[in-house]
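K.L.:
Here's my sequence, what's the structure:
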Amino acid sequence: SHDLQCCRNALLAHSLRVGSLGRMKKDVMSTRKSLFYNLFLIAILFLLLIALFLLAKHAVTQPRWLLSDDFVEYWAAGKLNLSGGNPYSPDELAPLQHQAGRFAGVPVIMYNPPWMLAFAMPFGAIDYAAARTIWLLLSIAMIIACCDILWKLYAAPPQKRWLGWLIGLSFIPVLDCLRGGQTGILMLLGLVGFIYYQQRRLDWAAGFFLSLLAIKPHLLLLFLVAVLFWCIYKHRWVIIVSSLLTLSAATLLAWSFNHFVIQQYLYVTAHYAPQQWATATLGSFLRILISVDLFWLQFVPTGLGLLWFIFYWINHHSHWDWLLQAPLITLVSVCVAAYGWTFDLPVTLVAILFVFSHILKHPFSRSAWIVISIYLIIDSLDLAMRVPQILLWWLAPSLLIWYLVMDRFILRPLMTTSSSGGEPNP
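P.N.:
Below you'll find the model as predicted:
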């Protein structure tokens, strides 16, 4: 009996060892298969990226593309500043822009402040085709990243995050920005980065991203004023310091290559002032409506916007939440901007995704179809009207009105219902 028990135990131990070795072999084989599979996916992704780069490079060097491509102004300005030239001189910009393939019309001048050159110079260090392709692919990646972050910030359904990407990539001002090689998407990154990091109280990072809004400070002037008021009220001084240090460092970098860059910028703003620009703004529309010669009319909407903000701040500063306030402040800012083009409107995705994220938290209803239909009408009209920018002055105000109506009659009732039903009120 004792011998039988010993044999039984020995057989059991042997079977356990065999089973363990079998499982180990299976695990090793599974690990190898997983490794080979991952390496295969990486290789495929790498080849796809190369193919995408080559296709994009071919597209951006076509004459029809170059006719309306604004990236050439940043590339040429960066290249000039690297060599100690004048990045704001039409005479010096012209040969470089011809070298890039843009021969039609007068040279395009970069009107952005000198700190923008810290962004432009790395692109100016390489040839135009490669620089333009890299910027196009980076812009697409930034749009997807910004939409994804906003989708999470607004607590939208994670399984529908692809809708956020689709909304961002199908927004006509975004496509115009990608097509023109403009910086509207970079400003969206700054806006989203500021909202994201201030929410987590990482103020140095929030200030860094906030500095990106200074690429075109007139576009989001109200937003910048709101940040200043809020930082003072909440004693978030680090955000202001971080932003100022970032801009100072960027300006110093540009100055280190060209000691006259600040004087050159001041000269171009004084002698090539954009008084005759007919942009897609309410200010330009007022001048067309009343008198083109009354230049001060360009800034009337900005003045009214600042006045509106004072009253808005008084009523809301005690319970300020950037997730709730940023959409409206952003839309009002672009509506009252003294200058602006439709390719500057990617920043309004902060408001557009706010609406869609809250709509998609609830079962689809008639109100959801109303929201989507009106938005698609506005976006489709922008696509259909390939006209001078001044005739698109209505686009930003339309998005603002759409947002206000949706917020008042659809979003608030939905949010109230969610709150009363035990769900957190956003």
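
K.L.:
Can you tell me the centre-most residue of the chain?
P.N.:
By Cα atoms, centre = their mean, the mean C-alpha position of the chain lies nearest to Leu188, the distance being 2.4 Å.

K.L.:
Next, count neighbours for Ala226.
P.N.:
By other Cβ atoms under 10 Å, the residues close to Ala226 number 24. The C-beta positions use only the backbone N, C-alpha and C, and glycine is treated the same way.

K.L.:
I'd like the numbering to begin with 873 instead of 1 from here.
P.N.:
That works, and once the first residue is 873, the last one we named lands at Ala1098.

K.L.:
tell me the pLDDT at it?
P.N.:
On the pLDDT scale, Ala1098 is placed at 97.

K.L.:
One more: the one 3 residues further on?
P.N.:
pLDDT, Phe1101: 97.

K.L.:
residue contacts, it?
P.N.:
With contacts defined as Cβ atoms under 8 Å, 6 or more residues apart in numbering, Phe1101 is in contact with Trp1185, His1189.

K.L.:
separation between it and Ile1242?
P.N.:
Distance of Phe1101 to Ile1242, computed by Cβ to Cβ, to the nearest Å: 35 Å.

K.L.:
Kindly report the same for Trp1127.
P.N.:
In this view, Trp1127 and Ile1242 are 53 Å apart by Cβ to Cβ.

K.L.:
Around Ser1156, how many other residues sit close by?
P.N.:
By the other Cβ under 10 Å criterion, the neighbourhood of Ser1156 contains 22 residues.

K.L.:
residue contacts, it?
P.N.:
Taking Cβ under 8 Å, 6+ apart as the criterion, Ser1156 is in contact with Trp1149, Ala1150, Gln1170, Ile1262, Trp1265.

K.L.:
swap the cut-off to 6 Å and go again
P.N.:
When the contact criterion is Cβ atoms under 6 Å, 6 or more residues apart in numbering, the partners of Ser1156 are Ala1150, Ile1262.

K.L.:
And it, what's its pLDDT?
P.N.:
92.

K.L.:
before we move on, what about Ala885?
P.N.:
Per-residue pLDDT puts Ala885 at 54.

K.L.:
now the one 4 residues further on
P.N.:
According to the model's per-residue confidence, Arg889 sits at a pLDDT of 58.

K.L.:
any weak-confidence spans in this structure?
P.N.:
Residue ranges of the chain with pLDDT under 70: 873-907, 909-910, 912-913, 917-921, 924-939, 975-977, 1285-1298.

K.L.:
how does it look with 50?
P.N.:
Low-confidence regions of the chain, defined by pLDDT under 50, span residues 874, 1291-1298.

K.L.:
Buried residues in stretch 970-983, which are they?
P.N.:
Residues of stretch 970-983 classed as buried: Ala972, Gly973, Arg974, Pro979, Val980, Ile981, Met982, Tyr983 (neighbour count, 16 or more other Cβ atoms under 10 Å).

K.L.:
Now tabulate those in JSON lines and tack on secondary structure and distance to Ile1006.
P.N.:
Below are the buried residues of stretch 970-983 laid out as JSON lines (DSSP: H, G, I helix; E, B strand; the rest coil; distance: Cβ to Cβ, whole Å):
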{"residue": "Ala972", "secondary structure": "helix", "distance to Ile1006": "14"}
{"residue": "Gly973", "secondary structure": "coil", "distance to Ile1006": "17"}
{"residue": "Arg974", "secondary structure": "coil", "distance to Ile1006": "18"}
{"residue": "Pro979", "secondary structure": "coil", "distance to Ile1006": "23"}
{"residue": "Val980", "secondary structure": "coil", "distance to Ile1006": "20"}
{"residue": "Ile981", "secondary structure": "coil", "distance to Ile1006": "23"}
{"residue": "Met982", "secondary structure": "coil", "distance to Ile1006": "18"}
{"residue": "Tyr983", "secondary structure": "coil", "distance to Ile1006": "23"}
